[in-house]
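Novice: What follows is a protein structure lacking sequence information:
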Ligand code: BTN
């Protein structure tokens, strides 16, 4: 699946780079940057650039028909990363929709963006940020974010980690294309920290009951079932 790998020392944001250069890039290109000066997070937030991390974006050019899969695709990506981290012995979990948590703090975020259409094809840019070998976490985020190294005192081989993530993605992508998210739902639920918890969704208190067939969050609020497919979710630990 992944044929082209572009390494950049520094860039504003790998997602922005892919967006700006997508016409010249083949589908399945991976763009990696050692440093990002304007890393972007979900909901217009900033992605703080930690040293010795992984910041990369995957470009997938998909039939526009398939673009409704974007939400499930982000969940799928989170699941793949969680699976690889667990193979490394890391006790990670998924926070819906696609954050990876370790010891109650975030170690990985995913930003999926839709961009442009050419002759029936659209681009999906999957941006992945993993805090890997940073020793210390800046004060501004240290209560909510961490790195693999800060939690495990281990150094991780970032090249190995990238290869393992891309390989796992490649191995499972055909299953995702054929069966959709439902093929991965049990595993996702197994590691999802929202289930059974009282959560805040866009400021409203709800009880998280289930993850639906397409990855939506199924909650109960005032005796009614509410399905959520995007938004800001906070968990009360
Ligand atoms: C989030 O949790 O809010 C998503 C964070 C996504 C960060 C990655 S780092 C590589 C790629 N380039 C960006 O500017 N953002 C994503």
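Specialist: Nice, thanks for sending it over. No experiment lies behind these values; they were computed from the predicted model shown.

Novice: Output the below-cut-off pLDDT ranges for the chain.
Specialist: Within the chain, the stretches with pLDDT under 70 are 64-68, 118, 231-232, 235-237.

Novice: Where does it get nearest to the ligand, residue-wise?
Specialist: For the chain and the ligand, the shortest gap (Cβ to the nearest ligand atom) falls at residue 109, measuring 2.2 Å. In short, each C-beta sits where N, CA and C put it, glycine included.

Novice: got the residues of this protein near the ligand?
Specialist: Residues of the chain found near the ligand (Cβ under 6 Å from any ligand atom) are 13-15, 36, 39-42, 45, 47, 55-57, 99, 109-111, 127-129.

Novice: Mind checking which of these are buried?
Specialist: The neighbour-count criterion (16 or more other Cβ atoms under 10 Å) marks 13-15, 36, 39-40, 42, 47, 55-57, 99, 109-111, 127-129 among the residues of the chain next to the ligand as buried.

Novice: Contacts for the longest strand seen in the chain next, please.
Specialist: In the chain, taking DSSP state E as the definition, the longest strand is strand 105-118. Contact with strand 105-118 is made by 15, 19, 22-23, 40-42, 47, 64, 67, 70, 73-74, 77-78, 81, 85, 92, 95, 98-101, 122-131, 143-148, 151, as judged by Cβ atoms under 8 Å, 6 or more residues apart in numbering.

Novice: how distant is the helix or strand following that strand from the center of its chain?
Specialist: Moving toward the C-terminus from strand 105-118, the first helix or strand encountered (DSSP states H and E) is strand 121-130. Distance, stretch centre to chain centre, for strand 121-130: 9 Å (Cα atoms, centre = their mean, to the nearest Å).
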